[in-house]
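Novice: Provided below for reference: sequence and predicted model.
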Amino acid sequence: QRGDLLAGRQVLISAGPTFEDIDPVRFLGNRSSGRMGFAIAEAAAEAGASVTLVAGPVNLATPAGVQRIDVRSAREMHAAVLGAAQNCDVFIAAAAVGDFRPAEVALHKIKKRGDGGLSLELTQNPDILADVAALPRRPLLVGFAAETENVEAYARAKLERKRLDLIAANQVGSGLGFEVDDNSLTLISADATLRLPTAPKRELARQLIDVVAQRLRDRGTD
Ligand code: PMT
């Protein structure tokens with residue numbers, strides 16, 4: 001019965017892009033639409049979980065029964081996720097978090113000066129997954145890896161470096177991954193690789209939730 005798969009479980013999901021302000025009218029962002037993360041939130045709620053969705057700036061309706069927290073920057077997403085992570089059983093990080101932000105946000109719109117260019121100094125953002133992994137009561141951790149080449153090899157390296165339980169790898173670029181309705185995912189853990197062929201994100205989300213539910217059950221019986 002699908003509705004019982006995650007009954008009694010707390011699921012935390014990050015979705016969408018982050019925007020890092022440069023000045024009052026400009027920002028650094030990326031092409032994530034939030035669709036993958038929102039589909040996972042919907043599938044988790046359908047599976048009976050209590051779902052918190054931390055969403056970057058996206059244009060999507062909140063799935064039924066999901067508690068949504070809206071954020072803009074990576075640092076806001078970090079604070080919202082860490083605030084909700086203490087009691088969760090699983091954290092699924094589907095957001096495309098900006099790795100860098102401008103070192104300073106200009107108070108006024110930056111103006112052109114002559115014909116010269118402009119250099120922006122960037123600072124690194126906090127790593128949300130790494131900080132959730134360091135919590136005393138560590139939830140099951142599911143990361144995403146968006147790559148344009150060597151997808152599985154890079155994803156496996158990320159799984160090990162970030163000490164994740166599972167990583168969902170997807171190829172991005174040329175009409176794949178970001179913004180579109182379909183995706184294909186490879187789910188990689190220490191002991192298994194499962195390739196999910198191209199399908200609507202809602203369908204892939206259900207398959208991912210099935211795998212997560214199984215791993216939570218296994219963990220309970222360890
Ligand atoms: O939103 P859509 O348009 O539907 O597109 C979906 C997607 C392509 C954005 C999604 O499927 C996806 O792959 N999301 C992760 C994209 C990504 O930026 O990955 P990454 O390789 O930069 O980061 C690896 C993992 O670390 C991710 O789980 C990310 O959420 C997490 N991370 C990264 C940086 C950071 N500072 N904190 C993090 O938690």
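Specialist: Great, that's in hand. Numbers count the residues shown, from 1 in each chain.

Novice: ok but Ser14 is inside a helix, no?
Specialist: No - according to DSSP: H, G, I helix; E, B strand; the rest coil, Ser14 belongs to no helix; its state is strand.

Novice: which ones are touching it?
Specialist: With contact set as CB atoms under 8 Å, 6 or more residues apart in numbering, Ser14 has these partners: 37, 53-56, 77, 81, 91-95, 97, 128. Every residue, glycine included, has its C-beta placed from N, CA and C.

Novice: Sort out for me which of these are in strands.
Specialist: Of the positions in those, Leu53, Val54, Ala55, Phe91, Ile92, Ala93 sit in strands, assigned by DSSP state E.

Novice: Next up, phi/psi of the nearest residue to Thr193 once chain neighbours are set aside, please.
Specialist: Among residues not flanking Thr193 along the chain, Thr186 sits closest, at 6.4 Å (CB to CB, 6 or more residues apart in numbering). Main-chain dihedrals, Thr186, degrees, to the nearest 10: phi -110, psi 120.

Novice: So Thr186 sits against Ala155, correct?
Specialist: Yes - the pair Thr186 / Ala155 is scored as a contact, 7.0 Å apart, by CB atoms under 8 Å.

Novice: Need the residues touching each of these two.
Specialist: Common contacts of Thr186 and Ala155 (CB under 8 Å, 6+ apart): Ala169.
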